[in-house]
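Q: After the sequence you'll find the predicted model.
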Amino acid sequence: MTWNIRTPTFILSFTLLVMMLGYGMVLPIIPFYIEQFGAGGRELGWMMSMYSLMQLIFAPIWGVLSDRYGRKGILSIGIMGYAISLLFFGLATNFWMLFLARTLSGILSSATMPTAMAYIGDNTPEKERSGKMGQLGAMTGVGVVIGPLLGGLLSTNSLSFPFFIGAGLALIAFVLVITILPESRSQQSSSKQSGVSFGILREIFVGPIGILLLLIFVMSFGLTAFQGITGLYVIDKFAFDTRQVGSIWMVMGATMIAVQGAFTGPLTRRLGEPLLIRIGLVGGSLGFLGMTRAVDYLTSLLALGAFTAALALISPALNAHISTYAGERQGTIMGMNSAATSLGRVAGPLWAGYLYEIDIDYPFLSGAMTLGLGLLISFIGTRRQVDDMTTRI
């Protein structure tokens, strides 16, 4: 597909880039805001956790609503709400306003990712789906890498200025969505959705989709556990300085962008999504173990690169694979997908942190075991899919 401003892929990618830029810009500035308003680490922890918690709760709801009322409207609500929350951040004069803005951001921004992935599922042939999911993932990676740098540069003279810039970019994305992006679902198709019953939920969780949601949780759990503890690990073990720690995040971000943007689509077409997922799980386990065997800066970067490349393969392949089972409920399933990801983001760093207090290598050994369990789950899921197909025949 040609990349121009009128293609849905461009608009969706730009939208997610803007969202993640805003997310990234917040990270280096929030500690200064906290200090300025007289709050401490406990308040910071609650505020950051609230964002993921709201995404966990509301992503499935937005997904169901996008099935019911269409993708474009729900995506527009998410972008406009995110712009308002950033504006609220910039205007905050005390901690409760920051907390409210972060909570609002989690509630409304959770509409964007599942709706964007559902849009891709609606409009992309199955063989091209992993590549498109990878492009979306690459844009989120760009935002995560550039966002903190941009936030640091723009906040030199004013802590609030980056939030106003982020709000302005979100408004541009909103205009592109409402004026150019076509609706991906017909009114007739949307009106057939009448909600999610217990029977539908049971069918989702006991079938192939349930296995894939469990794998998405495992992948998110492992990735965020790794990200959350690696900086502290290399400082305690190797006495890395700030430049070296910063280079770790640069390597992880650049690897994620390159793999998801350039390699996921071709590899999926050649190997297929199930095999690519398993390769990623094996590679991720080896990356976890590699960190425990690293002896210096270079070997740490090699382990980091291997781990990140492996996990970068899994995410778009899982997203594309789960969309093949979603049918007319792309939004519902992608909302549950986002919820499983958010649950992993909440649980992974907490688990790694507690293990780290016992032994600094334990989080990585536990991560390797977790991804190994994911590999076993993937084989069980494949067997169940074959059994289901045999039963139908």
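A: The structure has been received and is ready for your questions.

Q: Going by C-alpha atoms from here, please, whenever you check contacts or count neighbours.
A: Fine.

Q: Of all residues in the chain, which one is nearest the centre?
A: residue 341 (6.6 Å; Cα atoms, centre = their mean).

Q: check contacts around that one.
A: By Cα atoms under 8 Å, 6 or more residues apart in numbering, residue 341 lies in contact with 56, 216, 217, 220, 221.

Q: What is the nearest of the residues you listed to residue 249?
A: Proximity to residue 249 was ranked across those by Cα to Cα; first place goes to residue 220, at 17.0 Å.

Q: wait, that closest one sits on residue 345?
A: Yes. Counting by Cα atoms under 8 Å, residue 220 does reach residue 345; the two are 6.1 Å apart.

Q: what's the distance between residue 102 and residue 162?
A: Noted for residue 102: a distance of 15 Å to residue 162, by Cα to Cα, to the nearest Å.

Q: worst-scoring helix or strand of the chain, pLDDT-wise?
A: The weakest-scoring helix or strand in the chain, judged by mean pLDDT, DSSP states H and E, is helix 187-191 (a mean of 48).

Q: Residue 233 - how many residues pack around it?
A: Neighbour count of residue 233, defined by other Cα atoms under 10 Å: 19.

Q: related to what we said a few turns ago, so which helix or strand takes in the residue nearest to the centre of the chain?
A: Assessed by DSSP states H and E, residue 341 sits inside helix 330-358.

Q: can I see the domain layout of this structure?
A: 8-181, 201-392 (automatic domain parsing).

Q: Adding mean pLDDT, write the ones you listed out as a markdown table.
A: Shown next, in a markdown table, are the domains of the chain (pLDDT from 0 to 100):
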| stretch | mean pLDDT |
| --- | --- |
| domain 8-181 | 84 |
| domain 201-392 | 81 |
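
Q: quick one: whatever helix or strand residue 32 lives in to chain centroid distance?
A: For residue 32, the host element (DSSP H and E) is helix 8-36. Helix 8-36 has its C-alpha centroid displaced from the chain centroid by 13 Å (Cα atoms, centre = their mean, to the nearest Å).

Q: tell me which residues in it are buried?
A: Residues 8-30, 33-34 are the ones in helix 8-36 that count as buried (16 or more other Cα atoms under 10 Å).

Q: Stretch 245-258 too?
A: 245, 248, 249, 251, 252, 253, 254, 255, 256, 257, 258.

Q: Output the residues you listed in a markdown table; the columns should cover secondary structure and distance to residue 299.
A: Shown next, in a markdown table, are the buried residues of stretch 245-258 (DSSP: H, G, I helix; E, B strand; the rest coil; distance: Cα to Cα, whole Å):
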| residue | secondary structure | distance to residue 299 |
| --- | --- | --- |
| 245 | helix | 14 |
| 248 | helix | 12 |
| 249 | helix | 15 |
| 251 | helix | 13 |
| 252 | helix | 14 |
| 253 | helix | 18 |
| 254 | helix | 17 |
| 255 | helix | 16 |
| 256 | helix | 18 |
| 257 | helix | 21 |
| 258 | helix | 20 |
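
Q: out of those residues, who's nearest residue 123?
A: residue 257 (23.2 Å).

Q: my read: that closest one touches residue 136, true?
A: No. Between residue 257 and residue 136 there is no contact under Cα under 8 Å: 9.8 Å.

Q: Common neighbours of these two, please.
A: Joint contacts of residue 257 and residue 136 (Cα under 8 Å, 6+ apart) do not exist.

Q: Quick check: which element contains the nearest residue to residue 248 once chain neighbours are set aside?
A: Among residues not flanking residue 248 along the chain, residue 301 sits closest, at 6.8 Å (Cα to Cα, 6 or more residues apart in numbering). In this assignment (DSSP H and E), residue 301 forms part of helix 297-323.
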